[in-house]
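With the sequence up front, the predicted model follows.
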Amino acid sequence: MNDLASRRPSGPVSVSAAYRRLLGYLKPHKGAFALGILGGAVYAASTASFAWLAKRFGDGTFTHPNPRMVLLIPIALVIIFIGRGIGSFTQTYFMGYVGRSIVKRLRSEVFRSVLDLPASFFDRTSTGALLSRLTYNSEQVGHACTSSVVIMVRAALTVVGVIFWMFWFNWQLALISLATGPLAGWLVSVVNQRFRRYGRRIQDSMGDVTRIAKESFEAPRLVKVYEAQPHLRAQFESVNEHNRRSFMRLILTRGLANPIVQLVTALGGAVVLGMAIRDTVDGQMSPGDLLGFFTALTSIAQPLRELVGVSDPLQQGIAAAESLFELIDEPGEPRGGGYTTGRVRGDVEFRNVTFSYPQGKAAALRNVSLAVPAGSSLAIVGRSGSGKSTLVSLLPRFYEPDTGAILIDGRDIREYELASLRQQIAVVSQDVTLFDDTIRNNIAFGREVPESDLLRVAEAAHVLEFTADLPGGLDAMVGEGGVLLSGGQRQRISIARALLKNAPILILDEATSALDTESERHIQAALAQLVRNRTTFVVAHRLSTVEQADRIVVLGAGEPVESGTHAQLLAREGRYAQLYRMQFAD
Ligand SMILES: Nc1ncnc2c1ncn2[C@@H]1O[C@H](COP(=O)(O)OP(=O)(O)OP(=O)(O)O)[C@@H](O)[C@H]1O
Ligand SMILES: [Mg+2]
């Protein structure tokens, strides 16, 4: 599992930088944060005043018995608790507010950043791990920034308050008590380091758990028909176990840290208490002071425990913040040049383009030179894996060529502003992606469009043909990934989407592969109309759909091996003619 955990690039975000950056997230909520801290301080002051109450109680009852104490002590007790209650509420509410705001902002920032990451990022990152970071890690950051901070402040203030009373009652003994401080501090820092390390491991393993679960749940039919359950169970068991083990290390540290710190405190406390009792017996200390001192000494244990316990979520939060900042800092796609245009004519030229995928060994495209005049169509054929989809994916700059250039209207596509470039291109890709929404929204895809336009493209792409039978028509839901529709229906929605975009350059990558011959013929007719004044790239295995193209290029292992019109290529008796004959052997 280690290879899974280490798959994430370890970023340059250092721990102290993460702290400083988190402060920036707190800044807009200074007021609420301060109120939260104030609440914690009130709580701490109330807790520390128990020692004072104990002294008054001791003095008023044993040393100088005072009948007014009958009323005063209970009233003081109630007041202290009211103070503590107000402090507790203020702290919970305002810190909760700050925490939720930070979680929200972090999520938005991560989401926004990830949307803009280049296609190659998604090739090497699992979406499950991304989801886990977006949900689980951001929660941890929110927790660390707020509850952990307030607990820390509150506990530290309580300790300070209590120590103040100890000095007040007997400074020599207080000094002796404090001698155990450095030892406890050293212990806490050792524990902190471990918490941070384990925190990061747990977050990684959470990512693995999400990833495997997501992949398995997304393909239930595949899993069933190939009886992949045992395999997936084993895989899940492995990451789940890794997650448990990482957690157990954390729990072990957490479990040990507390008793050890407490034991150190108790040993110191025992010595001090012995001395205090001796002083009282000797008459150097009043019973009130002893009672106060004793109360202070015992009430220091709880905040000390909190101080140790809080470092766990705090360190996990820091680790989580680091991983989120890495995502936020991940460089997005190049914005492109400064050139923007309303609508290009559509001359496209590939000039000696060579491209290899970052992970790929061999180049996926080699020395591809092609010119597609505006308004004409180019069909790309070739064996599976010959680079057809890769070729068309370079046009919207999903990937950058290693060498060579691609030009639209004689201008390098890198000179176009990215958004402007992509406005010029509509794509019907090989794997149709639909969102869990209505058919209408999947076609319009977030754009405001007149109903008449929507109906026109739905008609042309033969979407209306099947929506007529659906309850809800165009407003029927498609299900996650479009599961409620057939493959061909999904493809038709995807075609309608591209028609609606009405872009001067159209890419059809196996756009009609899932359609039966009759539907295909109908849609071909619609496409033929559409293609008329657009530059079109058609990728198809079925050669019957490419015959009409103005030009056909045959790719072989990333290189164009033949090109010409259907008739020319048949006459040449080369690769194309061979492919064609195989398909129409009958
Ligand atoms: N995202 C990717 N990362 C790495 N390599 C890839 C990626 N996509 C494709 N490849 C590789 O690039 C080569 C060309 O793939 P491409 O998808 O362009 O083929 P194709 O001609 O479209 O095939 P098909 O007809 O099966 O769709 C293949 O060898 C493939 O393994
Ligand atoms: Mg392909």
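Done, it's in. Ligands and ions are numbered 1, 2, ... in the order given.

thinking Glu415 is in contact with Tyr339, fair?
Yes. At 4.8 Å, Glu415 counts as touching Tyr339 under the criterion of Cβ atoms under 8 Å. For glycine as for every other residue, the C-beta is placed from the backbone atoms N, C-alpha and C.

give me every residue that touches Arg68.
Gly60 (Cβ atoms under 8 Å, 6 or more residues apart in numbering).

Could you report the distance from the residue most central in space within the chain to ligand 1?
Among the residues of the chain, the one closest to the centroid is Leu134, at 3.0 Å (Cα atoms, centre = their mean). Note on Leu134: its distance to ligand 1, by Cβ to the nearest ligand atom, to the nearest Å, is 23 Å.

Next, the contact list for the residue of the chain found nearest ligand 2, please.
Nearest residue of the chain to ligand 2: Ser389, at 3.1 Å (Cβ to the ion). Residues near Ser389 by Cβ under 8 Å, 6+ apart: 429-430, 509, 539.

Among the residues you listed, which one lies nearest to ligand 1?
Gln430 (5.6 Å; Cβ to the nearest ligand atom).

by contact count, what packs against the helix ranked longest in the chain?
The longest helix of the chain (DSSP state H) is helix 229-281. Packing partners of helix 229-281 (3 or more Cβ pairs under 8 Å, 6 or more residues apart in numbering; DSSP states H and E): helix 171-178, helix 181-218, helix 287-299, helix 301-329.

now those in TSV, with mean pLDDT and mean neighbour count?
Below are the helices and strands packed on helix 229-281 laid out as TSV (pLDDT from 0 to 100; neighbours: other Cβ atoms under 10 Å):
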stretch	mean pLDDT	mean neighbour count
helix 171-178	82	16
helix 181-218	83	18
helix 287-299	85	22
helix 301-329	85	21
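
so which of the ones you listed gets nearest Ser494?
Minimum separation from Ser494 across the helices and strands packed on helix 229-281 (Cβ to Cβ) falls at helix 181-218, 19.0 Å.

Point out the other helices and strands that the closest one packs with.
helix 2-5, helix 127-132, helix 229-281, helix 301-329.

try 6 Å
Secondary-structure packing of helix 181-218 (3 or more Cβ pairs under 6 Å, 6 or more residues apart in numbering; DSSP states H and E): helix 127-132, helix 229-281, helix 301-329.

Let me have the ones you listed in a markdown table, adding distance to Leu570 as columns.
As requested, the helices and strands packed on helix 181-218 are exported to a markdown table (distance: least, Cβ to Cβ, whole Å):
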| stretch | distance to Leu570 |
| --- | --- |
| helix 127-132 | 45 |
| helix 229-281 | 47 |
| helix 301-329 | 52 |
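
between these, which gets nearest to Gly346?
Of the helices and strands packed on helix 181-218, nearest to Gly346 by Cβ to Cβ is helix 127-132, at 34.1 Å.

Quick one: distance of the closest one to the chain centre.
6 Å (Cα atoms, centre = their mean, to the nearest Å).

what do you get for stretch 563-571?
Distance, centroid of stretch 563-571 to centroid of chain: 50 Å (Cα atoms, centre = their mean).

Just the buried positions in it, please.
Judged by neighbour count (16 or more other Cβ atoms under 10 Å), stretch 563-571 contains these buried residues: 563-564, 566, 569.

So which of the residues you listed belong to helices?
566, 569.

list the buried ones in stretch 148-161?
148-159, 161.

what about the residue in the stretch 1-150 of the chain positioned nearest to ligand 1, helix or strand, and which?
Here the stretch 1-150 of the chain gets closest to ligand 1 at one residue, Asp123, 4.4 Å apart by Cβ to the nearest ligand atom. Assessed by DSSP states H and E, Asp123 sits inside helix 119-124.

Show me what that helix is packed against.
Checking 3+ Cβ pairs under 6 Å, 6+ apart, helix 119-124 ends up next to no helix or strand.

Can you tell me how far Ile523 is from Arg233?
According to Cβ to Cβ, to the nearest Å, Ile523 stands 43 Å off from Arg233.

Specify which residue of these two has the higher count of neighbours.
Set Ile523 next to Arg233 and count neighbours by other Cβ atoms under 10 Å: Ile523 wins out with 22 against 12.

quick one, what contacts that one?
462, 512 (Cβ atoms under 6 Å, 6 or more residues apart in numbering).

got it, and Arg21?
So Arg21 contacts nothing (Cβ under 6 Å, 6+ apart).

switch the cut-off to 10 Å
By Cβ atoms under 10 Å, 6 or more residues apart in numbering, Arg21 lies in contact with 13, 321-322, 324-325, 328-329.

a helix runs through it, doesn't it?
Yes. Assigned with DSSP: H, G, I helix; E, B strand; the rest coil, Arg21 falls within a helix.

Which pLDDT value goes with it?
Looking at Arg21, its pLDDT reads 89.

now Gly83
Taking Gly83 on its own, its pLDDT is 93.

isn't there a helix covering it?
Yes. Counting by three-state DSSP, one finds Gly83 located in a helix.

And it, how close does it get to Leu53?
12 Å.

For Pro450, give me the backbone phi and psi.
phi -60, psi 140 (degrees, to the nearest 10).

Give me the neighbour count for it.
8.

Quick check: residues of the stretch 301-450 of the chain near ligand 2?
Applying Cβ under 5 Å from the ion, we find that the stretch 301-450 of the chain lies next to ligand 2 at 389, 430.

in this structure, which segments are predicted with low confidence?
1-14, 526, 529-530, 585-586 (pLDDT under 70).

I'd assumed Ala301 was in contact with Ser177.
No. Look at Ser177 against Ala301 with Cβ atoms under 10 Å: they stay out of range, at 11.9 Å.

what residues are up against the closest residue to Ile277 other than its chain neighbours?
Excluding the flanking residues, the one nearest Ile277 by Cβ to Cβ, 6 or more residues apart in numbering is Leu290, at 7.1 Å. By Cβ under 10 Å, 6+ apart, Leu290 lies in contact with 54-55, 58, 62, 169-170, 273, 276-277, 279-281.

So which residues of the stretch 301-450 of the chain form helices?
Remark: helices assigned in the stretch 301-450 of the chain by DSSP state H, counting those that start in this stretch are 301-329, 388-393, 418-423, 439-444.

which helices and strands sit right next to the helix or strand just after the last one?
What that stands for is helix 439-444. Later in the chain than helix 439-444, the nearest helix or strand by DSSP H and E is helix 451-460. Judged by 3 or more Cβ pairs under 10 Å, 6 or more residues apart in numbering; DSSP states H and E, the packing partners of helix 451-460 are helix 439-444, helix 464-467, helix 487-501, helix 517-531.

Can you list the helices and strands that the third one packs against?
Pointing back at helix 487-501 there. Against helix 487-501 (3+ Cβ pairs under 10 Å, 6+ apart) you get strand 425-428, helix 439-444, helix 451-460, helix 464-467, strand 505-509, helix 517-531.

Great, nothing more from me.
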